[in-house]
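[1] Show me how the following folds:
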Amino acid sequence: MLAKVNRLNKHGSFAYVYRNGKRVASSDLVLIFTPAKSVRVGFSVSNKVGKAVVRNKVRRRLRAITQLALPKLAGCQAIVAANPSAAGKDYSSLDEQLNGLFSRAGLIA
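    Numbers count the residues shown, from 1 in each chain. I've put the predicted structure just below:
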């Protein structure tokens, strides 16, 4: 679980990042980010991904991957959004894609 200071969880914070952020995408994930002083990450997994069990599984995997990458990340507010195809991917595939997105966005310090 991400520490409370690293979570992006207010509606206004999500709206700000969606409105002002830059986007980087892969086949299964989209990273939307804005520069900030500290690292805060939120996750968006829509109903299109699947039923609640599947959505929660994808969300748990993304949280675990982000928690491991957290010490390497530069200051930013980011949202990781999962596309419906993410439901069929395993942990290693999602890990590779999300770390690739972080590096393509220039967020890895």
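
[2] Only C-alpha atoms from now on, for both contacts and neighbour counts.
    Noted.

[3] which other residues reach the longest helix seen in the chain?
    Assignment by DSSP state H gives helix 52-69 as the longest helix of the chain. Here helix 52-69 makes contact (CA atoms under 8 Å, 6 or more residues apart in numbering) with 1-2, 43-47, 49, 80, 82, 86-87, 91, 94-95, 98-99.

[4] Buried subset of these, written for PyMOL?
    Buried residues among those (16 or more other CA atoms under 10 Å), as a PyMOL selection:
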select buried, resi 43+44+45+49+80+82+86+87+94+95+98+99
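
[5] Show me the contacts of helix 52-69 that map onto strands.
    Using DSSP state E, 43-45, 80, 82 are the members of the contacts of helix 52-69 that sit in strands.

[6] D28 reaches V80, doesn't it?
    No: contact criterion CA atoms under 8 Å: D28 and V80 do not qualify, at 10.4 Å.

[7] Between those two, which contacts overlap?
    Between them, D28 and V80 share no contacting residue under CA under 8 Å, 6+ apart.

[8] what about the chain, any weak spots by pLDDT?
    Across the chain, the ranges flagged by pLDDT under 70 are 109.

[9] Where do the helices of it begin and end?
    Remark: helices assigned in the chain by DSSP H are 11-20, 52-69, 91-104.

[10] Pipe those helices into a markdown table and attach distance to A36 per row.
    Converted to a markdown table, those look like this (distance: least, CA to CA, whole Å):
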| stretch | distance to A36 |
| --- | --- |
| helix 11-20 | 11 |
| helix 52-69 | 17 |
| helix 91-104 | 15 |
